[in-house]
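Engineer: below: sequence and its predicted model.
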Amino acid sequence: MKKEDSEKKRIVIKIGSNVLTRKDGTLDVTRMSALVDQIAELRKSGIEIILVSSGAVASGKSTIRPKSKLDVVSARQLFSAIGQVRLINQYFTLFDNYNIVCGQILATKEDFSTRRHYLNQRNCMTVMLQNGVTPIVNENDTISVNELMFTDNDELSGLVATMMNCHTLIILSNIDGIYNGNPSDPKASVIHEIDPKKDQIEEFIQTSKSTSGRGGMQTKYNIARKIAEEGIEVIIANGKKDNILLNLISDPKTICTRFNASKKAVSTVKKWIAHSESFAKGEVHINDGAKEALISEKAVSLLPVGIVKIEGDFEPDDIVKIIDSQKNQIGVGRIAFDNKTVEKLIGKSNEKPIIHYDYLYIDK
């Protein structure tokens, strides 16, 4: 089997809280069962599945009533600690009906912050898939605090999809996709296809968030566009529709929003760099000449001669933001030196790159 063919058989499926819970906040086991039935069918056809599942907090809320009012973080920790056990046990039972073994991975944002942690996590999921185990990934809300949380599981699913070199990311929500107006407006319709390089549809994005999850369509759109630009097809669809997963794979006319994958290959290192903005330890401010070189089609590194100042304390291999003369962020990269060394090199020519092209991601 060719490498390209094998990659096409690996899919990340993200299931949102509003798909897995009923109106009263309890876990919708019937919906879970239907989705597991479909995943089992996809596996039979040779597709590798990584499941990113919300629902732990919602599940915990329906299990226990706190003795006193809790702050947001404490409540989230309590509900997720209880709910995650209930959620994974339910998945284990449902998958076991098909003799499918599933395994739990609880991730934090810090697990993606260094290349070593990133590779360790990738190796874990790779070993699971090689042994026929379906990874079920969720954020470890029991130890996460606000500043270290993912935006929501949409962000986590995007990180997993790029890390595992997947062909497709399917984001299941409680609506059919991205609409060209307010979804409640009968005249509005689903935008079926989006080219992330050409189509500008920001005006249609609804900024309201879901009732159970932390994110909304704005987050889904931002993640989907970035992932698609890195060569992964992204589909946003309604997880409450019967047989939605099977239909998305077999029937191109299934109602959803598809982000076409860029045909330009992106290395796994650059994919990691692209999603490392929130781990940045500092900033590198550059002049207009350096910016012009970096945003060109040529493969160029960031040299000291193009730097005007730096901010923050960072070590070699830390992630830093790249800021232009208008104070706009144009990219991120893995710095080769610590801040004290870079300070001494500012503006100098004939020096080694501060950020090598292989460890540089420019927003375009």
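Structural biologist: Looks like it arrived, so ask away.

Engineer: residue contacts, Ala224?
Structural biologist: Gly158, Leu169, Ile171, Ile194, Pro196, Val234, Ile236, Thr257, Phe259 (Cβ atoms under 8 Å, 6 or more residues apart in numbering). In short, each C-beta sits where N, CA and C put it, glycine included.

Engineer: helices along the stretch 251-364 of the chain, start to end?
Structural biologist: 268-274, 288-294, 339-345 (DSSP state H, counting those that start in this stretch).

Engineer: out of those, which gets the lowest mean score?
Structural biologist: Here the helices of the stretch 251-364 of the chain differ in mean pLDDT, and the lowest is helix 268-274 at a mean of 80.

Engineer: which one of the helices of the stretch 251-364 of the chain lies nearest to Val36?
Structural biologist: helix 268-274 (28.9 Å; Cβ to Cβ).

Engineer: thinking again about what came up before, next step: the contacts of Ala224 restricted to helices.
Structural biologist: Counting by DSSP state H, the contacts of Ala224 place Gly158 in helices.

Engineer: which one of the contacts of Ala224 is nearest Ile100?
Structural biologist: Leu169 (20.9 Å).

Engineer: how about low-confidence regions in the stretch 101-250 of the chain?
Structural biologist: 144-151, 199-216 (pLDDT under 70).

Engineer: hey, where'd the helices end up in it?
Structural biologist: 115-130, 153-163, 217-229, 244-250.

Engineer: which element is Lys14 on?
Structural biologist: strand 10-15 (DSSP states H and E).

Engineer: which of the helices of the stretch 101-250 of the chain is buried the deepest?
Structural biologist: helix 153-163 (a mean of 26; mean count of other Cβ atoms under 10 Å).

Engineer: and the residue nearest the centre of the chain, what does it touch?
Structural biologist: Central residue of the chain (Cα atoms, centre = their mean): Gly158, 2.1 Å from the mean position. The contact partners of Gly158, by Cβ under 8 Å, 6+ apart, come to Leu169, Ile223, Ala224, Lys226, Ile227, His275.

Engineer: swap the cut-off to 6 Å and go again
Structural biologist: Ile223, Ile227 (Cβ atoms under 6 Å, 6 or more residues apart in numbering).

Engineer: ok, the contacts of Ala224 vs Gly55, which is closest?
Structural biologist: Out of these, the member with the shortest distance to Gly55 (by Cβ to Cβ) is Ile171, at 14.6 Å.

Engineer: surely the closest one meets Lys14?
Structural biologist: Yes: the criterion here is Cβ atoms under 6 Å, and Ile171 meets it with Lys14 at 4.8 Å.

Engineer: hmm, back to that, okay if I get the contacts of Ala224 as a markdown table plus distance to Gly132?
Structural biologist: Converted to a markdown table, the contacts of Ala224 look like this (distance: Cβ to Cβ, whole Å):
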| residue | distance to Gly132 |
| --- | --- |
| Gly158 | 25 |
| Leu169 | 22 |
| Ile171 | 25 |
| Ile194 | 34 |
| Pro196 | 33 |
| Val234 | 26 |
| Ile236 | 29 |
| Thr257 | 32 |
| Phe259 | 30 |
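
Engineer: among the helices of the stretch 101-250 of the chain, which comes closest to Pro304?
Structural biologist: helix 115-130 (23.2 Å).

Engineer: just want the angle from the closest one to helix 153-163.
Structural biologist: Relative orientation of helix 115-130 versus helix 153-163 (axes from the mean of the first three to the mean of the last three Cα atoms, to 10 degrees): 80 degrees.

Engineer: which outside residues touch helix 115-130?
Structural biologist: So helix 115-130 is contacted by Glu48, Gly103, Asp111, Phe112, Pro135, Met163, Met164, Trp272 (Cβ under 6 Å, 6+ apart).

Engineer: now it and strand 10-15, what's the angle there?
Structural biologist: 100 degrees.
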